[in-house]
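Chemist: A predicted structure for the sequence below; I have some questions about it.
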2 protein chains.
Amino acid sequence: MSNKRKVLALCGGVGGAKLALGLSHVLGDDELSIVVNTGDDFTHLGLRICPDIDTVTYTLAGCVNTETGWGRAGETGEFMASLSALGGEDWFYLGDKDLAMHVERTQRLAAGEGLGEVTQALSRQLGVSVPIIPMTDDTLATKVEVESDGGSIILPFQDYFVRQRCEPKLKSIHFVGQETAQPHPKFLASLQDPVLDLIVICPSNPFLSIDPILALPGIRGILQKTAVPVVAISPIIGGSAVKGPTAKIMAELGLKMNSITVADYYQDIVSGFILDRRDVGEADAIRQIIPRVGVAQTLMQSLQDKIDLARETLDFVGLDV
Amino acid sequence: MSNKRKVLALCGGVGGAKLALGLSHVLGDDELSIVVNTGDDFTHLGLRICPDIDTVTYTLAGCVNTETGWGRAGETGEFMASLSALGGEDWFYLGDKDLAMHVERTQRLAAGEGLGEVTQALSRQLGVSVPIIPMTDDTLATKVEVESDGGSIILPFQDYFVRQRCEPKLKSIHFVGQETAQPHPKFLASLQDPVLDLIVICPSNPFLSIDPILALPGIRGILQKTAVPVVAISPIIGGSAVKGPTAKIMAELGLKMNSITVADYYQDIVSGFILDRRDVGEADAIRQIIPRVGVAQTLMQSLQDKIDLARETLDFVGLDV
């Protein structure tokens, strides 16, 4: 009888969800917990929308749109077309199938269920048995300070990210509610599980997807002190981001676009770091700041790529795979 | 220059909407006001749903499903299928296109707009220029007492009508909020317009669609006293209802299924009554209780049928058509 492994993955949207899917194929349902960023969540048209939770849920349920990495496969847009015709706010795309998730979630939250409870119920309905845990049941909202007419203004994240397509120049990122939002009890329980073997920081945007999780009270301190290996997988491949606004944001924050920057950003909380083989030249520099550095194929196109990276990550800390 | 005519139509869903469409073809936008029953409205999945307003709006906008008489033409059901898969409440069908109406309305109501304001804005977006006025901005909710295990229970209307497909035996109908709900100011203004020429009670269900309008404080009294002709068109054709639960409900309420019953029901408020030519044998009996009785082709299948009945109705009170 083999020993159970216990792995906690911290993740954001598309990139993180891909590794989470790989991990779910390699680990049993009771060996993996996935804690997901909720800083991007917002209320739109009266509906509570949780982009990263949904991306992870759809990815694990096998119903994600694999071309975009988010949203549902075979999605249709009748609702959106009809909403536009009514003069409604149509800058945030809500597909007909996807909409059911937001309506049902909003309904359950209004009835008093917590986001964690709702997420578990709805992901199970879609056949996902791995626990998908929102980082908090409370509100921690990512906001961005952007340049505007020579000065600066604060925008809600989706306003910046979707409505304005990340066009305004980013000056700083803020997490409103970070002093009061409490980590989800299942997140804390997983972090403090005495038999936890590994904490994986998935290849999501460090500043927008992982940092909100780290900003919750106590989390950074626990990660700094834990004896459990904490391994981050760099989201940078070949000196650029696979997708999303990471490159533009890093440039605007005055950061160099490479894995050294990411490693530097995570250095106080990780004991291991995996970068893409295309960036192997950066490995020595990263070894100066992080004890253990691995090199892997981190671009996850096929399911096998995701499983392979999951195996490499477990193997990196000596877990049986 | 011809004189303007001023007509106020009171209506419920499918049958009423058909005559309202006919009237809208015969009258100018500033000659017709349509006041619609909101007793069937309910909040479902967190969304405010107004079945009769939507039926009238879609009918006048030319986007109604002409086979059912309600819902939208070319409707799709991706949302519903997805909601079912999530274990959500799927007993009330919400098409993908139709859903936009409920989401946008709910959003606007939550922002503080009144139902009348919302209805006007959304119907105009769909190209309807005739005023569609909810009978009230307040809540007057139709509830039904039905037999249950030898006793009786009170059900919200849609629960009885849709979820239970009118199967329980009806004992009585109640309008919760009828003491406090105020008629919409535009409804009152139209009723009291000194140049009003005609009030039409459309061929909707008298007990479920018209009675809630009459139950609003003051309305029955105004109709009893007004010098303006009030003309009802019977929803009974050939001794049966065109569609819906009218026949079953009338039987359960101990009422005979004919136009005499409807005329009797309206006798204190109408000065004229139009019944279908198939029921001409009932005309003499109705003349005993209502001063003026007309006979017409009231089955409205084609647009021309609707226009013809609208013309007959105006002609019946001597208005130019």
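Modeler: Everything's here; your move.
Chemist: which ones are touching A:D315?
Modeler: By CB atoms under 8 Å, 6 or more residues apart in numbering or on different chains, A:D315 lies in contact with A:V321. C-beta coordinates here come from the backbone N, C-alpha and C atoms, glycine included.
Chemist: distance of it from A:I233?
Modeler: 13 Å (CB to CB, to the nearest Å).
Chemist: buried sites along stretch A:252-267?
Modeler: Residues of stretch A:252-267 classed as buried by neighbour count (16 or more other CB atoms under 10 Å in any protein chain shown): A:252, A:255, A:257-267.
Chemist: quick one, phi/psi of the residue lying closest to A:I53 once chain neighbours are set aside?
Modeler: If the residues on either side of it in the chain are set aside, A:I53 comes closest to A:V36, at 5.1 Å by CB to CB, 6 or more residues apart in numbering or on different chains. With angles defined as degrees, to the nearest 10, A:V36 sits at phi -120, psi 140.
Chemist: beta partners for A:V36?
Modeler: When bridges are called by DSSP bridges, A:V36 pairs up with A:C11, A:P134.
Chemist: ok, it to chain B distance?
Modeler: The gap separating A:V36 from chain B is 18 Å, by CB to the nearest CB, to the nearest Å.
Chemist: that residue contacts A:D54, correct?
Modeler: No: using CB atoms under 8 Å, A:V36 is not in contact with A:D54, being 9.4 Å away.
Chemist: looking at the two, which one has more neighbours?
Modeler: A count of neighbours by other CB atoms under 10 Å in any protein chain shown puts A:V36 above the other of A:V36 and A:D54, at 33 against 26.
Chemist: returning to that earlier point: can you tell me which of the buried residues of stretch A:252-267 is closest to A:D308?
Modeler: Relative to A:D308, the closest of those is A:S259; by CB to CB it sits at 18.9 Å.
Chemist: can I assume that closest one is in contact with A:G238?
Modeler: No: A:S259 is beyond contact range of A:G238, at 10.0 Å (criterion: CB under 8 Å).
Chemist: mutual contacts of the two, please.
Modeler: The contact sets of A:S259 and A:G238 overlap at A:276, A:279 (CB under 8 Å, 6+ apart).
Chemist: how close does the residue lying closest to A:K169 once chain neighbours are set aside get to chain B?
Modeler: Nearest non-adjacent residue to A:K169, counting by CB to CB, 6+ apart: A:E147, 4.2 Å away. Per CB to the nearest CB, A:E147 is found 30 Å from chain B.
Chemist: mind checking the SS state of A:E147?
Modeler: Following DSSP: H, G, I helix; E, B strand; the rest coil, A:E147 is assigned to strand.
Chemist: now do the contacts for it.
Modeler: By CB under 8 Å, 6+ apart, the neighbours of A:E147 are A:168-169, A:171.
Chemist: from the residues you listed, which would you call buried?
Modeler: Buried among these (16+ other CB under 10 Å): A:P168.
Chemist: beta partners of the residue nearest to A:K169?
Modeler: On the basis of DSSP bridges, A:E147 is bridged to A:S152.
Chemist: relative to A:D40, how far out is it?
Modeler: Taking CB to CB, one finds A:E147 at 21 Å from A:D40.
Chemist: just A:L223 next, same as before
Modeler: The gap separating A:L223 from A:D40 is 21 Å, by CB to CB.
Chemist: which of the two has more residues huddled nearby?
Modeler: Neighbours around A:L223 and A:D40, counted as other CB under 10 Å, are more numerous at A:D40. The numbers are 24 against 21.
Chemist: tell me who's in contact with that one.
Modeler: A:D40 neighbours (CB under 8 Å, 6+ apart): A:12-13, A:50-52, A:142, A:157-158, A:161, A:208-209.
Chemist: same deal with A:A73?
Modeler: Here A:A73 is in contact with A:63-66 (CB under 8 Å, 6+ apart).
Chemist: closest to chain B out of those?
Modeler: Closest approach between the contacts of A:A73 and chain B, by CB to the nearest CB: A:C63, at 9.2 Å.
Chemist: for stretch A:229-246, buried residues please.
Modeler: For stretch A:229-246, burial by neighbour count (16+ other CB under 10 Å) applies to A:229-237, A:241-242, A:244-246.
Chemist: got the end-to-end distance for stretch A:310-321?
Modeler: End-to-end distance for stretch A:310-321, by CA to CA, to the nearest Å: 9 Å.
Chemist: starting at the chain centroid, how far to it?
Modeler: When C-alpha coordinates are averaged (CA atoms, centre = their mean, to the nearest Å), stretch A:310-321 and its chain have centres 21 Å apart.
Chemist: and it, average pLDDT?
Modeler: Across stretch A:310-321, the average pLDDT comes to 94.
Chemist: what does stretch A:106-126 give?
Modeler: If you average the pLDDT over stretch A:106-126, you get 98.
Chemist: just the terminal-to-terminal distance for that stretch.
Modeler: The first and final residues of stretch A:106-126 sit 17 Å from each other (CA to CA).
Chemist: residues of chain A that sit close to chain B?
Modeler: Proximity of chain A to chain B (CB under 8 Å from any CB of the partner chain) is limited to residues A:45-47, A:72, A:75-76, A:78-83, A:85-88, A:95-101, A:103-104, A:106-107, A:110, A:121-122, A:125-126.
Chemist: kindly give a single ChimeraX line that selects the buried subset of these.
Modeler: A single ChimeraX command selects the buried members of the residues of chain A next to chain B (16+ other CB under 10 Å):
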select /A:45,46,47,72,75,76,78,79,80,82,83,85,86,88,95,96,97,98,99,100,101,103,104,106,107,122,125,126
